[in-house]
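Student: Predicted structure and sequence below. I'll ask about it afterward.
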Amino acid sequence: DQQVKQNSPSLSVQEGRISILNCDYTNSMFDYFLWYKKYPAEGPTFLISISSIKDKNEDGRFTVFLNKSAKHLSLHIVPSQPGDSAVYFCAATVIQGAQKLVFGQGTRLTINP
Amino acid sequence: DTEVTQTPKHLVMGMTNKKSLKCEQHMGHRAMYWYKQKAKKPPELMFVYSYEKLSINESVPSRFSPECPNSSLLNLHLHALQPEDSALYLCASSQGDRRETQYFGPGTRLLVL
């Protein structure tokens, strides 16, 4: 049962344009959502997060939107830069004895010059 | 400072060897985590330590043995591993509260021959 889903395995965007990565979840108990960026053979790097009591959080070029009724969140990157090329994981937290982080399958973002 | 360090960076071991992975953080975090990541897959949670006590074991085989000597250190002892255990092993830490970001180390790339 995949509770966090990223339905697009890959996304290609022109440099300078907006990149939009999407994520859907099924568990209503999730109350904190995060986006991580990952390069091969490295650990995930935290990008931005949002609490379930908010619908938007912005940090520089990165904005995360949360639609609780649709159980959907998205990451917007604008303007996209070549260094943004990586795999992006959406993740959600739930408390089951301790904090657990549930990841989506990831979306590979490629920024074309 | 959001640094989590892991040693070694790479490890090759035979199926009869005993080895250990080490993880360290100096952010005062009270929760530490071990994840396993296979190629093209998201990280999978293995163990959670909260306030130096094992809180979650995700039905991990006993050939993996975690240890938390103090709040800054986390070890993963490996014994009699199988080739399918080859993966990137990631350590993470967080404050341990409900809506908290987990910060990841760079990982140890393990190859079991």
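Tutor: Looks like it arrived, so ask away.
Student: Any regions of chain B where pLDDT drops low?
Tutor: B:1-2 (pLDDT under 70).
Student: Point out the residues in it that sit beside chain A.
Tutor: B:2, B:4, B:6, B:31, B:33, B:40-43, B:45, B:48, B:50, B:55-56, B:88, B:90, B:92, B:94, B:96-107, B:109 (CB under 8 Å from any CB of the partner chain). All C-beta atoms are positioned from the backbone trio N, CA, C, and that covers glycine.
Student: check which helix or strand covers the most centrally placed residue in chain B.
Tutor: Residue closest to the average C-alpha location in chain B (CA atoms, centre = their mean): B:Trp34, at 3.0 Å. Assigned by DSSP states H and E, B:Trp34 belongs to strand B:31-37.
Student: mind exporting that strand as CSV, just the C-alpha atoms?
Tutor: In CSV, the C-alpha atoms belonging to strand B:31-37 read as follows (Å, rounded to 0.1, in the frame of the first residue of the first chain):
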residue,chain,number,x,y,z
ALA,B,31,15.8,10.9,17.4
MET,B,32,18.1,9.0,15.0
TYR,B,33,17.2,6.8,12.1
TRP,B,34,18.6,4.1,9.8
TYR,B,35,17.3,3.8,6.2
LYS,B,36,18.2,1.5,3.4
GLN,B,37,18.0,2.7,-0.2
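Student: got a list of contacts for the helix or strand just after that strand?
Tutor: Next helix or strand after strand B:31-37 toward the C-terminus (DSSP H and E): strand B:44-50. Strand B:44-50 has contacts (CB atoms under 8 Å, 6 or more residues apart in numbering or on different chains) with A:97-101, B:30-38, B:54-58, B:60, B:64, B:66, B:68, B:74, B:76, B:96.
Student: run the last query once more with 6 Å
Tutor: Outside strand B:44-50, the residues within contact range by CB atoms under 6 Å, 6 or more residues apart in numbering or on different chains are A:98, B:31-36, B:55-58, B:60, B:66, B:68, B:96.
Student: Closest to A:Pro79 out of those?
Tutor: B:Tyr35 (32.1 Å; CB to CB).
Student: name the helices or strands packed onto the strand holding B:Trp34?
Tutor: If you count contacts as 3 or more CB pairs under 6 Å, 6 or more residues apart in numbering or on different chains; DSSP states H and E, strand B:31-37 packs onto strand B:44-50, strand B:87-94.
Student: would CSV of the ones you listed with mean neighbour count be doable?
Tutor: Formatted as CSV, the helices and strands packed on strand B:31-37 follow (neighbours: other CB atoms under 10 Å in any protein chain shown):
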stretch, mean neighbour count
strand B:44-50, 20
strand B:87-94, 24
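Student: Give me the distance from the lowest-mean-pLDDT helix or strand in chain A to the chain's centre.
Tutor: Sorting the helices and strands of chain A by mean pLDDT, DSSP states H and E puts strand A:99-103 at the bottom, at a mean of 90. For strand A:99-103, the gap between its own C-alpha mean and the chain's C-alpha mean amounts to 13 Å (CA atoms, centre = their mean, to the nearest Å).
Student: Neighbours of residue 55, how many?
Tutor: As the question left the chain open, I've gone with chain A. 13 (other CB atoms under 10 Å in any protein chain shown).
Student: meant chain B, my bad for not saying
Tutor: Counted with other CB under 10 Å, B:Ser55 comes out at 17.
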